[in-house]
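Colleague: Predicted model and sequence follow; I will ask about them next.
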Amino acid sequence: MRAYFAIVHKDRDSAYGVSFPDLPGVFSAADEEEDIVSNALEALQLYAEDAELPEPSTIDAVVAKPELREELAAGAFIIRVPLVDNDTRVVRANVTFEAGMLRAIDETAQQRGLTRSAFLASCARKEIEATG
């Protein structure tokens, strides 16, 4: 899975701003810190729908850029944003779980009004976004 590094900026009394050094013109914002990665991922997906993405730079290449060093020195920080392709085809997959874990999954999914598949997809997306 490809992932791109993004620079997060936050000025006093403003939202978090996100930009991608590898993708000039791709920006995102988030009012809350916990929304930074998901909003950045959405911007990345939207851009990828209409453009060919370059290979992601390494972290060493990103931090070597003088203009980014200045931003980092001023308080910006770097996050890694995984590119989850926006491919909405539904594909069947066979997975194996311990019986107790499967019961816990089914019980939790039912409590939340979800199918097992929807619950597992939601958990996977959250984990992928969290670990970037």
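Modeller: The structure has been received and is ready for your questions. Numbering: from 1, shown residues only.
Colleague: what about stretch 18-29, start to end distance?
Modeller: 6 Å (C-alpha to C-alpha, to the nearest Å).
Colleague: For that stretch, list every residue counted as buried.
Modeller: Val18, Ser19, Phe20, Pro21, Leu23, Val26, Ser28, Ala29 (16 or more other C-beta atoms under 10 Å). Any C-beta I mention is one placed from the backbone N, CA and C, and that applies to glycine too.
Colleague: between those residues, which is nearest Ala74?
Modeller: Ser19 (13.7 Å; C-beta to C-beta).
Colleague: wait, isn't that closest one in contact with Ile36?
Modeller: No - if you go by C-beta atoms under 8 Å, Ser19 and Ile36 don't touch, sitting 12.0 Å apart.
Colleague: buried stuff in the strand or helix carrying Ala118?
Modeller: For Ala118, the host element (DSSP states H and E) is helix 116-131. Neighbour counts over helix 116-131 (16+ other C-beta under 10 Å) mark Phe119, Leu120, Glu129 as buried.
Colleague: mean confidence score for it?
Modeller: The average pLDDT for helix 116-131 rounds to 83.
Colleague: Contacts only, for Phe119.
Modeller: Listed by C-beta atoms under 8 Å, 6 or more residues apart in numbering, the contact set of Phe119 reads Ile105, Thr108, Ala109, Arg112.
Colleague: The second one - how many residues pack around it?
Modeller: By that I understand Thr108. 13 (other C-beta atoms under 10 Å).
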